[in-house]
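> Any chance you can model this:
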Amino acid sequence: RESPAGKEQKPYTRREVSPMRPLKALPLFPAGILMGILVSWPGWGMGVWGLDWHAPWGPSSFLLFLKPGILGFLLGAMSSALVRGEFRVRRGAAPLLRFLLGALTSLALLAAGGCPAGQLFRLSRGDLGAPAALAGLALGARLGVELLRLGMGLGAPRRAPGWAGIVGVFLLAALSSPFLWKQPAAWPAVISGAAVGALAQGSRFCAVAPFRDLFLLKDAGLFPGLLGFLLGSLAASLLSGSFSLSVPYQWPRYLLQAGAMALGGACLVVVDGCPLRQAAAAAQGDLDGAAFFLGLLLPGLLVLATA
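This is a model prediction of the structure:
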C-alpha cells in the first residue's frame, strides 16, 4: 500500500478486510495449482537456492547455488506487470536493513530446508518432517505480527524514477543466473520460471501472507493459494513417480528446521512477503523487494565467488 510522503502508514485493523476479499482471492487456488505443478515437475524447478541433502550434517550441507529458473521468474513477472499496467517503480525506507534481513532470511531458510513454498514442496514429496517447519513458519508469522504491532514495520513505499526499476530487474536477473549459459539443459527451467513469475505477479501469491493475515486480521481468505500450491505439487509428484513417504532425518534436525523457519517467518512478515512475493514485487518495480532479494542472493554469490 502506498501513502503520501510524510504521512504515517496506518496499522492493519480488522475493519480493513473487504467483504469482497474472498471473491478476489478465488484466482489464488487455480494459480497455486499451476505454480505447484510447474515448480515441482522434475527438471522444471525454479528455486533460488538448494541444499545438498545427501551431505553429512555440517557446513557442507549448506552449499548454496542459484538456479536458472529465477531468471525466467523475474522476466515473466515483469512482463505480466507491464501487460497489466502494474509496473510502477517505488522505493521505501531502510534499504540497507531490508538487504541485511534478506541475507539473514536466506541463511535461516537454508537451515530450515527451504522457503515457505519449498516446505509445501517437501510435503508433496512425502517428507513427513516438513510439517515441523510449517509449524515454525506459523510461529514466526505470529512473532512477526507482534513486531508489526509494536511499530517495527519498514515504512510505506513512494514513487521513484522509472529507470531505476528496470535496471534493478535486469541486475537481479544477471546476478541470479551466473551459470545459465554453461547449462543448455537449464532452459526448460527458465521457461517454467517465466510462467510461474507471471502467475505469481498476477495472483499476488504469497506463502507467508495467509499466516500473517490470520494472526493480524483474523482472516483466512488467502489460504486457498497455499492449498492449490500443495495440491499441484502433490499431483506433479504422483504423476512423475517422485512421491515417497519418508522421515529422512532424526528429530533434532527437525527442531532446528522449525526454529530456523520461525526466524525466517518473522523476517518475512516484517518485510511483507515470502521470497516468491519479494521477487515478483521487485520485478514490477518495487525497489524494497529488490533490496531484500539481493540480500537473499548474497550468501549464494559469496559461495560462488569463493568456490
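> so what pLDDT did the residue lying closest to Glu86 once chain neighbours are set aside get?
Spatial nearest neighbour of Glu86, excluding adjacent residues (Cβ to Cβ, 6 or more residues apart in numbering): Gln284 at 5.6 Å. (C-beta placed from N, C-alpha, C; glycine too.) pLDDT, Gln284: 87.
> distance of Gln284 from Met261?
According to Cβ to Cβ, to the nearest Å, Gln284 stands 27 Å off from Met261.
> got the phi/psi numbers for the residue nearest to Glu86?
phi -100, psi 20 (degrees, to the nearest 10).
> what ranges do the helices span in this structure?
Under the criterion DSSP state H, helices of the chain are mapped to 21-25, 28-40, 69-83, 95-112, 116-124, 130-149, 162-176, 187-203, 209-217, 223-240, 251-271, 275-283, 287-306.
> so where is the stretch 201-307 of the chain shaky, pLDDT-wise?
300-307 (pLDDT under 70).
> Sorry, slip of the keys, the one I care about is the stretch 51-200 of the chain.
Ranges of the stretch 51-200 of the chain meeting pLDDT under 70: 51-68, 155-186.
> And Gln284 and Met261? Which one has more around it.
Met261 (31 against 21; other Cβ atoms under 10 Å).
> Relative to Thr105, how far out is the more buried one?
10 Å.
> next one: Ala200
With distances taken as Cβ to Cβ, Ala200 is found 18 Å from Thr105.
> What of Ala194?
For Ala194 relative to Thr105 (Cβ to Cβ), the value is 24 Å.
> again with Leu120
On the measure of Cβ to Cβ, Leu120 and Thr105 end up 17 Å apart.
> got it, and Ser79?
26 Å.
> Looking at the two, which one has more neighbours?
Neighbour tally, Ser79 and Thr105, criterion other Cβ under 10 Å: the higher count belongs to Thr105, 25 against 16.
> Which residue is the nearest non-sequential neighbour of the more buried one?
Cys267 (4.4 Å).
> Wait, the one you found touches Ala141, no?
No - Cys267 is not in contact with Ala141 according to Cβ atoms under 8 Å; the separation is 10.6 Å.
> Tell me how many other residues crowd Gly69.
Neighbours of Gly69 under the rule other Cβ under 10 Å: 31.
> contacting residues around Leu276?
Neighbouring residues of Leu276 by Cβ atoms under 8 Å, 6 or more residues apart in numbering: Phe73, Cys115, Ala117, Ala200, Phe205, Cys206, Ala207.
> For the fourth one, which non-adjacent residue is spatially closest?
Think Ala200. Ala280 (4.6 Å).
> what about burial for the contacts of Leu276, which qualify?
Among the contacts of Leu276, the ones that count as buried by 16 or more other Cβ atoms under 10 Å are Phe73, Cys115, Ala117, Ala200, Phe205, Cys206, Ala207.
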